[in-house]
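Chemist: Below is the sequence, then the predicted model.
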Protein chains: 2
Amino acid sequence: MTSMKEMESRIRELEEQLRAERQKNDQQRPIREKISQMSSEVVDSNPYSRLMALKRMGIVDNYEKIREFTVAVVGVGGVGSVTAEMLTRCGIGKLILFDYDKVELANMNRLFFQPHQAGLSKVQAAAYTLSSINPDVEMETHNYNITTVDNFQHFMDRISQGSLTGGPVDLVLSCVDNFEARMAINTACNELGQTWFESGVSENAVSGHIQLIEPGRTACFGCAPPLVVASNIDEKTLKREGVCAASLPTTMGIVAGFLVQNTLKYLLGFGQVSYYLGYNALQDFFPTMRLRPNPLCEDSHCRRQQEEWANKAPTNPAEADMAAGGDEPVVHEDNEWGISLVDESAPSEEPEGAGDVLGLVQGVKTAYSLPATTSDAKEEAGALAADADVSLEELMAQMKTI
Amino acid sequence: MTSMKEMESRIRELEEQLRAERQKNDQQRPIREKISQMSSEVVDSNPYSRLMALKRMGIVDNYEKIREFTVAVVGVGGVGSVTAEMLTRCGIGKLILFDYDKVELANMNRLFFQPHQAGLSKVQAAAYTLSSINPDVEMETHNYNITTVDNFQHFMDRISQGSLTGGPVDLVLSCVDNFEARMAINTACNELGQTWFESGVSENAVSGHIQLIEPGRTACFGCAPPLVVASNIDEKTLKREGVCAASLPTTMGIVAGFLVQNTLKYLLGFGQVSYYLGYNALQDFFPTMRLRPNPLCEDSHCRRQQEEWANKAPTNPAEADMAAGGDEPVVHEDNEWGISLVDESAPSEEPEGAGDVLGLVQGVKTAYSLPATTSDAKEEAGALAADADVSLEELMAQMKTI
C-alpha cells in the first residue's frame, strides 16, 4: 500500500516535471518584448543593430523609416513565405498576407514552413511564426482566394486602405503560382494605380524572375506577354493528373531575396531598382531589361494610367529617361499586342532597331542572347533572343494556349 | 491537514496536466517519420515529390543520389544556417556543422534562427530545427573554433573521414566571417585535396560572392588575393569597439541560395557550376570569372596539388579547357603573387592581354567593368577593373593590412 510519504514525494516529482514541461513550452513561444524605437546600439540583445548599421555604412539614409511602410504579399508559398520572413526580419511596419492554401508535407522542400504546421492555413501558420520572430511587425491575414468576385472587392479594399495610416499600401508583391491570380492583381493595381512586383519560378525549378510594374509607366502584366512565368498550370490541376511542378528551396529563396532586396531599394531609396531581373540557375545568368507599356493594352485602366503618366512625366525630371523613349514607341505592327521588348543590354551584335537603351548602369553592359544549348535557357531567354519579332510571336502563341 | 483522498486527487490532476503539457511539447516537435526511400508519388504527404519531379522535368538524372552525399558547413551564421536548411530540405545524406558561436537577438535580422533560441549554441539550435524539418538527414555537430591547433586536427579528421561511408566528405562549404577561419579551411583542403566553396558577404551588406576551389586546379584562397571577402574584421572585434558590420537577410539568403544551387549542380551533375559568382545588390550585377592557380603559391600543398593536376589533366578530356590555358600561364611578374585574373567576360573594350576566356557559355557575354559611382561597386568589382594590374596591386596592399 502507498504511504503518505510516497504520495508526497510523487506529488513533488510531478510538480517538478510539470514545471519543466511548462518551461519548455514557454521557450517554444517566447515572443520577445516589443521595441518602441529602432536603436543602433551594438549589443547582443538588439535585433536591429545590424540593420541600423546600414546608415553608418552609407547605404541607407534613414533605415528606421521602414517602420512606416506597409507591404501586401499575395501568395504565401515557396517565394511568398520567405519574402514575408525577410521583410519581418528587416522590421517592416506592416504586412498583409493573402493565401487560401494549407501547409502540406509536400511543401517541405522549400524554406519557411515546418512539418508540425501541416494542415494549418498558410497565412495563419505564417503569421504565428513571423510574430514570434518579430512582434514589432503588424500582421493582417486573409485566408481566401483573391480571384472570386467578393474576395476580389475585399482585396481591392485592403490594398487601397490597408496601410498603417489607413491609405493604400506602399507595395504589392505577387508571389502567386497561377495566371488567374496574376491577372487579378494586375487588374486591381491598374485600377488603383498601385505599384507592384510580379515574381515567378519556372515549372522545372531552375529559373525565375521579378518584374516591377508601375501602372502607366511600365508594361503591365496585360500589356506584354508574360515572359518568364512560373507555371501557367495551377498546382491543383497538376495534382489531379498525378504530376507536379518541380521546385527547389534555392531558386525560390533567391527569387524571394531579389524581390525583397528590390523592395528595400524601392522603399528606402537606395541603389537602383531593377525593372526586370531574371535568374537562370543552370548557367548563373541574370538578364535585366525594361518593358514599355502597350498603348493598345486591353485593360482600360492601364491605358488611362499611361495617359496620366504621359501628362505628368515631362514635369518630373526623374521621369526623363523613361519618357525619352516614350515619344517614339517601338511598335511591332505585325503583332496584336503592338509592343516591343526594350532590352537594357547592348551586345555588340545587337540587331538594328532593338530599342532604346534605358537606365543603363554606367560602364556595365548586360550582354545576352539565346543560348541554344539548354531547353531551360531557351525558356528563360525566349523573349530576349536577337530576333525579337520571332520571339514575340512565339510568346503570343504560348499565351493563347493558356 | 491533507487527507489521502485529497493527495490522490492532486496526483491525478498533476498527471493530467503533465500529459497535456507533454502533448503540447510533442506537437511543437512532431518529427515526421523517417522515409526510407525517396518517392516521386504526387501526394500532399510526400516531402520529396517536388524534388523528384526534377527528374521528370529533365533537369536531374538521378535525384535520389543526393542521399549518398555528405557536406560540411563551416560557420552556421547568416549564410551557413540558410545553407544548411536548404540542403536539409533537399534531402542531403549527411551534414557536418562547425561553429563556436551562440545565437543572439542581434542575429534576428537574418533568416533561420528565432528569438527563443537566443543563448543556445548555433550548432545545437540548428541541429534541433533541421532534424524537425527533415529527420532523414544525418547530423553531426561540432561546437568549436576550427582555428585552434587541437580543433584544427579534429576538423581535418572529420573532413577526411566524416562521410556516410567513413571517407572524405563530398564538399566543404565555407560560411565563416573572418580571414583566419578561411585560411584554416584552405590549409586543410589543400592538404587533403578536398574541393570546397568559399562564400562571403561584404561589411556593408550589399554585396557577396561564392567561389569554387579545387586544390591544384583553381586558385586556392592563398594563391590569389581574396577578392570580395565579407569582412576582414572578426565580429567580436567590432563588438568591442561598439560598432558592427551591417547585414541583411536578403543578401545572405541570396548568397546561400547561390552556394547551395551550385552545390546541387556540382553533386548531382547538372547545369554549369560557377567558379566565381559575385552579387552586387545596389545594381543587380553578377560578375563571374575563373582564377587559375598560382605556381608560386606559398602553400606547399597547393603547389603539390597543382603538379598532380598538371600530370593528370591531359588524360582527362573534361579537363581540356582548364588545362588549355595552363600551358602558358598569364603571369604578372611585377606582383609577388605571380598570378592574374582570368576574366570569363569578353567586353568589347577589353584590354589586350586580359587573359584567356575559359568556360564561356555559348552566346552569352557577361560584360562588366568598374562602375565608378558607388564605393560598393568598387569593392565588388575591384579586381575586375579594366586595368587588371592596378587592381591586383590594390588588392595586395589590402591583403597586407589584414
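Modeler: Ah, there it is.
Chemist: contacts, neighbours, all on C-alpha from now
Modeler: Noted.
Chemist: how long is stretch A:284-297 from one end to the other?
Modeler: The straight-line separation of the ends of stretch A:284-297 (C-alpha to C-alpha, to the nearest Å) is 33 Å.
Chemist: List the buried residues in it.
Modeler: Along stretch A:284-297, the positions that meet the burial threshold by neighbour count (16 or more other C-alpha atoms under 10 Å in any protein chain shown) are A:284-295, A:297.
Chemist: Among the residues you listed, which ones are in strands?
Modeler: Secondary structure from DSSP state E places A:289, A:290, A:291 of the buried residues of stretch A:284-297 in strands.
Chemist: Just confirm the first one contacts residue A:218, I think it does.
Modeler: No: here residue A:289 lies out of contact with residue A:218, judged by C-alpha atoms under 8 Å, at a distance of 11.2 Å.
Chemist: Pick out the most distant pair among the buried residues of stretch A:284-297.
Modeler: A:284 and A:295 (34.4 Å; C-alpha to C-alpha).
Chemist: secondary structure class for the residue nearest the centre of chain A?
Modeler: The structure's chain A has its C-alpha centroid closest to residue A:173; by C-alpha atoms, centre = their mean the separation is 4.1 Å. Per DSSP: H, G, I helix; E, B strand; the rest coil, the local secondary structure of residue A:173 is strand.
Chemist: Tell me the bridge partners for it.
Modeler: Using DSSP bridges, the bridge partners assigned to residue A:173 are residue A:73, residue A:197.
Chemist: residues in contact with stretch A:102-117?
Modeler: Identification of contacts with stretch A:102-117 by C-alpha atoms under 8 Å, 6 or more residues apart in numbering or on different chains yields A:78, A:81-82, A:85, A:118-122, A:125-126, A:247-250, A:252-253, B:27-32, B:43-51, B:85-86, B:89-90, B:132-133.
Chemist: Kindly check the end-to-end length of it for me.
Modeler: End-to-end span of stretch A:102-117 (C-alpha to C-alpha): 9 Å.
Chemist: from the chain's centre, how far out does it sit?
Modeler: Between the mean C-alpha point of stretch A:102-117 and the mean C-alpha point of its chain there is a distance of 19 Å (C-alpha atoms, centre = their mean, to the nearest Å).
Chemist: ok, residue A:202 to residue B:78 distance?
Modeler: Using C-alpha to C-alpha, which is the criterion applied here, residue A:202 is 27 Å from residue B:78.
Chemist: With neighbour numbers in mind, choose between the two.
Modeler: It is residue B:78, of residue A:202 and residue B:78, that has more neighbours when counted by other C-alpha atoms under 10 Å in any protein chain shown, with 27 against 24.
Chemist: Can you tell me the element residue A:10 falls in?
Modeler: helix A:4-28 (DSSP states H and E).
Chemist: now that helix, how far from the chain's geometric center?
Modeler: The mean C-alpha position of helix A:4-28 is separated from the chain mean by 48 Å, C-alpha atoms, centre = their mean.
Chemist: near chain B at all, it?
Modeler: Yes: if you take C-alpha under 8 Å from any C-alpha of the partner chain as the test, helix A:4-28 does meet chain B, through A:4, A:7-8, A:10-11, A:14-15, A:17-18, A:21-22, A:24-25, A:27-28.
Chemist: next helix or strand past the helix or strand hosting residue A:256?
Modeler: Using DSSP H and E, residue A:256 sits within helix A:249-268. The helix or strand immediately downstream of helix A:249-268 is strand A:276-280, counting by DSSP H and E.
Chemist: Let me see the mean pLDDT of that following strand.
Modeler: Predicted confidence along strand A:276-280 averages 93 (mean pLDDT).
Chemist: Extract the C-alpha set from it and format it as CSV.
Modeler: Presented in CSV, the C-alpha positions along strand A:276-280 are these (Å, rounded to 0.1, in the frame of the first residue of the first chain):
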residue,chain,number,x,y,z
TYR,A,276,13.1,43.1,-64.6
LEU,A,277,15.6,40.7,-63.2
GLY,A,278,15.8,37.1,-64.4
TYR,A,279,17.7,34.1,-63.0
ASN,A,280,18.8,31.1,-64.9
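Chemist: got the angle between that strand and helix A:249-268?
Modeler: 160 degrees (axes from the mean of the first three to the mean of the last three C-alpha atoms, to 10 degrees).
Chemist: what's around the closest residue to residue A:76 other than its chain neighbours, how many residues?
Modeler: In space, not counting the residues next to it along the chain, residue A:76 is nearest to residue A:99; the distance is 5.9 Å by C-alpha to C-alpha, 6 or more residues apart in numbering or on different chains. When neighbours are counted by other C-alpha under 10 Å, residue A:99 registers 23.
Chemist: Spit out the contact partners of residue A:99.
Modeler: A:74, A:75, A:76, A:122, A:123, A:142, A:143, A:144, A:145.
Chemist: I'd like the distance between it and chain B.
Modeler: Shown here: residue A:99 relative to chain B, a distance of 17 Å by C-alpha to the nearest C-alpha, to the nearest Å.
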